[in-house]
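**Q** Need coordinates for the following:
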Amino acid sequence: MGLALGAAEGAISGVSPSMPAAVVPVGELVQGRAVCQSFRARYPNLTEVRVRLSADRPTGRLTLRLWEEGERSPTRAVTVELSSGRREWEQAFRFAPIAKAEGRWWRFCLEAPDSGAGHGVVVWATEEAGDEGELELRGFEGVGAPSGRILAFEARFSLSPFEKIMRLIQRLAAGKPGPWGEPWGYIGLFFAYGLLASLLCRWIHRRG
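**A** Next comes the predicted model:
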């Protein structure tokens, strides 16, 4: 079971998409501007959105609002105070988990209603095109949204060890023929390996 947990932790991180390593600046987020990004939730229990930011002497507040696509009212809203001592960082917006997030489309928008020019945060987009999701810039006169790119962000999900194991099993079984296409075969295999590992440890302990 310990081996299964380790494999699940390594394969299922509960983060999707992952924060890109290479990013390009989009523009400064100040009063009257908003940056929005859509994405499809890969897992249940959506509980955090992280966004890559940079700034020079930022002031004021930064607000993230999250909607399920098609809904008029935000599902979650989080406001953080900007810190003047930060220059480049990943800002975390944490909220109560959304249990039924999986498979649904979501959109979040970032706003900095108190920030003036030179004191806002700069948002970043991926260097390469994303395979799903849409970036939208509001109030950035003369600045078009980078074609095909998405915001430099990641969504995080709160998954229990059991949920991670089941996700790993489903991933292993996908597309396999015969019994290997069923998750229960892998569950039995994991337990068998766990039992063998436990017996081996006991045998080594007794001999030592």
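**Q** who's Arg107 bridged to?
**A** Each beta-bridge partner of Arg107 is listed here, defined by DSSP bridges: Ser38, Trp67.
**Q** Next, count neighbours for Leu29.
**A** One way to gauge burial is a neighbour count; for Leu29, by other C-beta atoms under 10 Å, it gives 25. Every C-beta, even on glycine, is put in place using the N, C-alpha and C of the backbone.
**Q** ok, now Ala96?
**A** For Ala96, the number of neighbouring residues by other C-beta under 10 Å comes to 11.
**Q** Use 174 as the first number for this chain going forward.
**A** Fine by me, first position is 174 from now on; the one you just mentioned is Ala269.
**Q** Verify the stated contact: it with Asn218.
**A** No - Ala269 sits out of contact with Asn218 when judged by C-beta atoms under 8 Å, with a separation of 9.8 Å.
**Q** Who are the contact partners of the spatially most central residue of the chain?
**A** The residue at the geometric middle of the chain, judged as the C-alpha nearest the mean C-alpha position with C-alpha atoms, centre = their mean, is Ala328 (1.8 Å). Ala328 makes contact with 188-190, 212, 214-215, 219, 221-222, 279 under the criterion C-beta atoms under 8 Å, 6 or more residues apart in numbering.
**Q** what's the closest of these to Arg245?
**A** Taking C-beta to C-beta as the measure, Arg245 sits nearest to Trp279 out of these, at 14.3 Å.
**Q** Let me know the next secondary structure element after the least confident helix or strand in the chain by mean pLDDT.
**A** Lowest on mean pLDDT, DSSP states H and E among the helices and strands of the chain sits helix 175-184, with a mean of 44. Going down the chain from helix 175-184, the next helix or strand is strand 196-202, by DSSP states H and E.
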